[in-house]
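[1] Kindly return the folded structure for what I paste below:
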Amino acid sequence: MTGAGERVASTGRPSWQAPRDVLTPAVVALAALLAAALMLVALVANLVNLLPADPGYVDPADREQAVADLERARQNGGFVALGCLLAVAAILAATLGWARRRSRRRAFRPPPGWPDLPPGWRPYRGWTPPADWPPAPEGWQFWSDAAEPAVSSTAG
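    Numbers count the residues shown, from 1 in each chain. Sure thing, here's the model as predicted:
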């Protein structure tokens, strides 16, 4: 039998704590990099579109056309920036939603003899089982895929 204070040898964490997920931080970091790259594209697009097409002298007769071209370039830069900002928001929202679903994919399974816990309950940081709760059986898996059927903690 293992006590409530048992720690996983490889991580030093209590066995009832959720296992660390190494994929989620990597995906979130990749999404943040993609978002930063899109923001850079928006900045460059605005800066480039603000530059006149011909930096040389503008003939006064063509001045009206040059002003119209500059205004169109500013609008295009704004549209590119707006598109990049919307893409950044979509990337971040999708990534955070994926991370939240991934973290909820695993369900906490209390060992036999522990009281029934509310559905979806997860041990919070710093939580420890009360000393009067019985120890978990040797090799008890506190976490399972949420798709598995729930096991009653009073059975067995």
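[2] Show me the domain layout of this protein.
    23-103, 109-156 (automatic domain parsing).
[3] Report the mean per-residue pLDDT for the shortest one.
    In this model, domain 109-156 has an average pLDDT of 78.
[4] what's the answer for the first one, then?
    What domain 23-103 shows for mean pLDDT is 80.
[5] Can you give me every residue that contacts residue 124?
    With contact set as C-beta atoms under 8 Å, 6 or more residues apart in numbering, residue 124 has no partners. Glycine gets a C-beta too; all of them are placed from N, C-alpha and C.
[6] Please, which helix or strand holds it?
    Using DSSP states H and E, residue 124 maps to neither a helix nor a strand.
[7] Residue for residue, what is the longest helix this protein has?
    helix 63-103 (DSSP state H).
[8] Can you give me the distance of the spatially most central residue of the chain to residue 25?
    Most central in the chain under C-alpha atoms, centre = their mean is residue 96, positioned 3.4 Å from the mean C-alpha point. Counting by C-beta to C-beta, to the nearest Å, the separation of residue 96 from residue 25 is 12 Å.
[9] about what we covered before: out of the domains of the chain, nearest to residue 16?
    Of all these, the one in closest proximity to residue 16, counting by C-beta to C-beta, is domain 109-156 (4.7 Å).
[10] could you pull out the strands for the protein?
    Per DSSP state E, the chain carries strands over the ranges 106-108, 143-145.
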